[in-house]
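Colleague: When you get a sec, could you give me coordinates for this:
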Amino acid sequence: MTLKDLLASDAYRDYVLALDAHLEHQRFDHDAAVEPLIVALHEGWLEHAGTTPIALRELITTERLQTLNYIAQKLVAFSEADGGADNIVNEAANLHMPIGHLVEYLVLRDESSDITAYLRKIRMPSARAYAARVSKMFRAASIDLPGPG
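Modeller: Next up, the predicted model:
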C-alpha cells in the first residue's frame, strides 16, 4: 500500500470524517485535491520515522479516539487567531493534514524511538521544545478514554 492508496481508501476517508466531527472549531475542506508534492513530503517523513502507510491504516483503526484527541489538542495548541504574530494564516484542514500528526503519534508511541531525532530529521524548528510539548499531548490523548469494562 502506498500513501496515495491510503489517502484514497475508505478507511482513511472515514477517519477524516470522524476527525472533522471531533474538531469543534476547525474548518475542514473535504474536496481538497491530493497534492503530489505533499504526498512526497509525507513519504519522506514516513521513511524517517521507519513506518509505513499500512501502519498508519492500522493506527487509525486501533487507536482511533486517541489519535483524534491528539490531533485536536495539537490544532488547538498551535492555531493562532488571525495568523498570530508571524501572520501565518491557518488554512482549512484537508485530506493531508492528519498524516504528519499520525506519523508523530507512531514515533511517540514507540518507546524505543527518539521523537526529537525524528523532528530534527524532518527539519522541525525548535525540535526539542516541540518534542516536549507534543509528548505531553500524546500522554493526555488517552486520559479521558473509558477503561476496560
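
Colleague: So, low pLDDT: which residues of the chain?
Modeller: Along the chain, segments meeting pLDDT under 70 span 80-90, 144-149.

Colleague: Just list the residues touching Tyr70, thanks.
Modeller: By C-beta atoms under 8 Å, 6 or more residues apart in numbering, the contact set of Tyr70 is His101, Tyr105, Met137, Phe138, Ala141. (Each C-beta comes from the backbone N, C-alpha and C, glycine too.)

Colleague: doesn't Arg64 make contact with the second one?
Modeller: No. Taking contacts as C-beta atoms under 8 Å, Tyr105 lies outside contact range of Arg64: 11.4 Å.

Colleague: These two: who's more crowded?
Modeller: Tyr105 (24 against 15; other C-beta atoms under 10 Å).

Colleague: so how far is Thr2 from the more buried one?
Modeller: Going from Tyr105 to Thr2 by C-beta to C-beta, to the nearest Å gives 20 Å.

Colleague: how much space between Pro53 and Leu3?
Modeller: Where Leu3 is concerned, Pro53 sits at a distance of 5 Å (C-beta to C-beta).

Colleague: now Met124, nearest residue through space, not along the chain?
Modeller: Distance criterion C-beta to C-beta, 6 or more residues apart in numbering; nearest residue to Met124, sequence neighbours excluded, is Tyr130 at 5.7 Å.

Colleague: Make TSV from the contacts of Tyr70 and add secondary structure and distance to His25 to it.
Modeller: Output for the contacts of Tyr70, formatted as TSV (DSSP: H, G, I helix; E, B strand; the rest coil; distance: C-beta to C-beta, whole Å):
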residue	secondary structure	distance to His25
His101	helix	17
Tyr105	helix	21
Met137	helix	17
Phe138	helix	21
Ala141	coil	18
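
Colleague: For those residues, which entry has the maximal number of neighbours?
Modeller: The residue in the contacts of Tyr70 with the most neighbours, by other C-beta under 10 Å, is Tyr105 (24 neighbours).

Colleague: ok, now which ones touch that one?
Modeller: Leu59, Glu63, Gln66, Thr67, Tyr70, Phe138, Ala141.
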